[in-house]
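Enquirer: sequence unknown, structure follows:
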Ligand code: HEM
């Protein structure tokens, strides 16, 4: 009975986490739409739209990349299914970020767009990140996972490369004040460190020790 209750509780937590993820990922878009409706986007609305969508893409990408490291450090299994959801939302925000660039900024003037991608290195790096995330979004289905087998995992490691390119994109586009992109860079470095095989084994070892010590304390207390 206790086992059934625990299973139900886990399912409920999993469902609530998914709902919170949907809401959290849609909220920035709803706010952007609201601010647009209210003419609340400042003197340069097109730039504001691009910047806001860029920021939400980066935050969602970082959260996607944080799922596995958080599982390693804290052992919370329920957050596993959020990885795909966060990744797909990050890609949606990225598509809108790109759309605001090619549509609102460049009015679909393709020759100017190609020039901008080639000439401005921060745009080139951002575009490369988009090209990397495209196959990841396309192969995010269970069917692709089954078909690609081991290769799926290898392919999806590219998300970390996309993360690095995204931080470089941010670093290269800011002028003078580098604090914010450097903070994202430091977070990414930490996430990559936790995924390193040696570091991961060590953390898992500490967690096992802590668990054993806890079990020891509770049994001796009885
Ligand atoms: C994973 C991919 C990408 C991420 C995470 C990303 C993220 C960002 C971020 C965080 C900003 C700055 C926001 C701020 O200062 O508050 C930004 C700005 C910008 N991004 Fe991206 N971006 C990506 C891809 C792209 C692509 C594909 C393009 C276009 C081809 C692009 C074009 C721009 C432009 C034009 C700006 C505004 C620069 C300015 O006016 O100062 N980005 N992006």
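Expert: It's in. In this text, all values refer to a predicted model and were calculated from it rather than measured experimentally.

Enquirer: Could you tell me how far the strand or helix carrying residue 194 lies from the centre of the chain?
Expert: Taking DSSP states H and E as the criterion, residue 194 maps to helix 179-195. The chain centroid and the centroid of helix 179-195 are separated by 12 Å, computed with Cα atoms, centre = their mean, to the nearest Å.

Enquirer: Report the mean confidence score over the next helix or strand after it.
Expert: Downstream of helix 179-195, the next assigned helix or strand under DSSP H and E is helix 197-221. The pLDDT scores in helix 197-221 average 87.

Enquirer: For the closest residue to residue 83 other than its chain neighbours, pull up the helix or strand it's in.
Expert: Of all residues not flanking residue 83 in the chain, residue 67 sits nearest, at 4.2 Å (Cβ to Cβ, 6 or more residues apart in numbering). All C-beta atoms are positioned from the backbone trio N, CA, C, and that covers glycine. Using DSSP H and E, residue 67 sits within helix 45-74.

Enquirer: Quickly check: that helix near the ligand or not.
Expert: Yes: using Cβ under 6 Å from any ligand atom, we find that helix 45-74 touches the ligand at 47, 50, 51, 54, 55, 57, 58, 61.

Enquirer: Please list all residues in contact with the residue nearest the centre of the chain.
Expert: Nearest to the mean C-alpha position of the chain, by Cα atoms, centre = their mean, lies residue 61 at 1.9 Å. Contacts here follow Cβ atoms under 8 Å, 6 or more residues apart in numbering; on that basis residue 61 touches 87, 90, 94, 159, 162, 163, 166.

Enquirer: right, and the fourth one touches residue 64 too?
Expert: If I follow you right, that is residue 159. Yes: between residue 159 and residue 64 there is a contact under Cβ atoms under 8 Å: 6.6 Å.

Enquirer: okay, these two: which has more neighbours?
Expert: When neighbours are counted by other Cβ atoms under 10 Å, residue 64 comes out ahead of the other of residue 159 and residue 64, with 24 against 18.

Enquirer: so what sits against both of residue 159 and residue 64?
Expert: Listed as contacting both residue 159 and residue 64 by Cβ under 8 Å, 6+ apart are residue 87.

Enquirer: Residue 184 is in contact with residue 167, correct?
Expert: Yes: counting by Cβ under 8 Å, residue 167 does reach residue 184; the two are 5.1 Å apart.

Enquirer: intersection of neighbour lists for those two?
Expert: Taking Cβ under 8 Å, 6+ apart as the contact rule, residue 167 and residue 184 both touch residue 58.
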